[in-house]
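Visitor: quick one: sequence plus predicted model below, questions after.
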Amino acid sequence: MFRKSMQELSPSHPYHLKKPAKEKDRVIVYFTSLRGVRKTYEDSCYVRVILKGAGVRVDERDVSMHSGFKEELKQLLGGCGGGFSLPRVFIGKKYIGGAEEVRRLHEEGQLEKAVEGCEQAEAEDGGGSCEACGDIRFVPCETCNGSCKIYYEEEEEEDEELEDEEEGLEGEEGINGGDYGFQRCPDCNENGLIRCPICCY
Ligand SMILES: [Zn+2]
Ligand SMILES: [Zn+2]
């Protein structure tokens, strides 16, 4: 009875029971921070501002920082054909569209409704930027210090061979298939970056 009466309170009432914790959808924006194409860049900025203005947490995926996002997006849009342009917006698994669609939703006052049930932005997300990454959403990889390479010690082999390996490897990434020498760092992307652990959890 008590629970029921609580649920009947208006949603704005401070004692209103929250809906049972379930996986909330997330607003995901694939965009670019490169200014190469002005419209793409401006549209990218636009959708991020509008979506944040709707009070939801925005999972920002900058394809210019991480080619993995590009692959991800290709798969998500797979079969649509005609290539893809940026930005692209998803709410959970649902494809929303690009800047035009977001602009329309916003102008028609439908955006708040569309993002209903999505993760809300935390209060401190409002103005301040992320201390760890400065809102770049990426930080240098700690495993390799951003070099994308880690050096594995050779185990009791002749020194001469090791020197050859090192010289031969100069500028040629991934040529060494062995278990030692320079190997591609497994933790980071092609730019020696990892997603910011503070704001991209
Ligand atoms: Zn790394
Ligand atoms: Zn961050």
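Guide: Good, I have the coordinates. Ligands and ions are numbered 1, 2, ... in the order given.

Visitor: quick one: low-confidence parts of the protein?
Guide: Confidence mapping of the chain against pLDDT under 70 gives the ranges 1-22, 79-83, 123-128, 156-178.

Visitor: and the most centrally placed residue in the chain, what is it in contact with?
Guide: Nearest to the centroid of the C-alpha atoms of the chain, with distances taken as Cα atoms, centre = their mean, sits residue 61, at 3.4 Å. Taking Cβ atoms under 8 Å, 6 or more residues apart in numbering as the contact definition, residue 61 lies against 28-31, 69, 72-73, 137. C-betas here are computed from N, CA, C, even on glycine.

Visitor: now do residue 200
Guide: By Cβ under 8 Å, 6+ apart, the contact list for residue 200 reads 59, 137.

Visitor: mind listing what's buried in the helix or strand hosting residue 42?
Guide: Residue 42 is part of helix 38-53 when elements are defined by DSSP states H and E. Buried residues in helix 38-53, counting neighbours by 16 or more other Cβ atoms under 10 Å, are found at 40-41, 43-44, 46-48, 50-52.

Visitor: so the residue nearest to residue 115 when sequence neighbours are not counted bridges to which residues?
Guide: Counting by Cβ to Cβ, 6 or more residues apart in numbering, the nearest residue to residue 115 once its immediate chain neighbours are dropped is residue 56, at 4.7 Å. Residues in a beta bridge with residue 56, per DSSP bridges, are residue 120.

Visitor: span of stretch 118-132 from start to end?
Guide: From its first residue to its last, stretch 118-132 covers 24 Å (Cα to Cα, to the nearest Å).

Visitor: could you do stretch 121-134 as well?
Guide: Across stretch 121-134, the straight-line distance between its terminal residues is 17 Å, by Cα to Cα.

Visitor: if we can go back for a sec, summarise which helices and strands the helix holding residue 42 is packed against.
Guide: strand 27-31, strand 58-62, helix 99-107 (3 or more Cβ pairs under 8 Å, 6 or more residues apart in numbering; DSSP states H and E).

Visitor: tell me which of those is the most buried.
Guide: Of all the helices and strands packed on helix 38-53, strand 27-31 carries the top mean neighbour count, a mean of 24, counting by mean count of other Cβ atoms under 10 Å.
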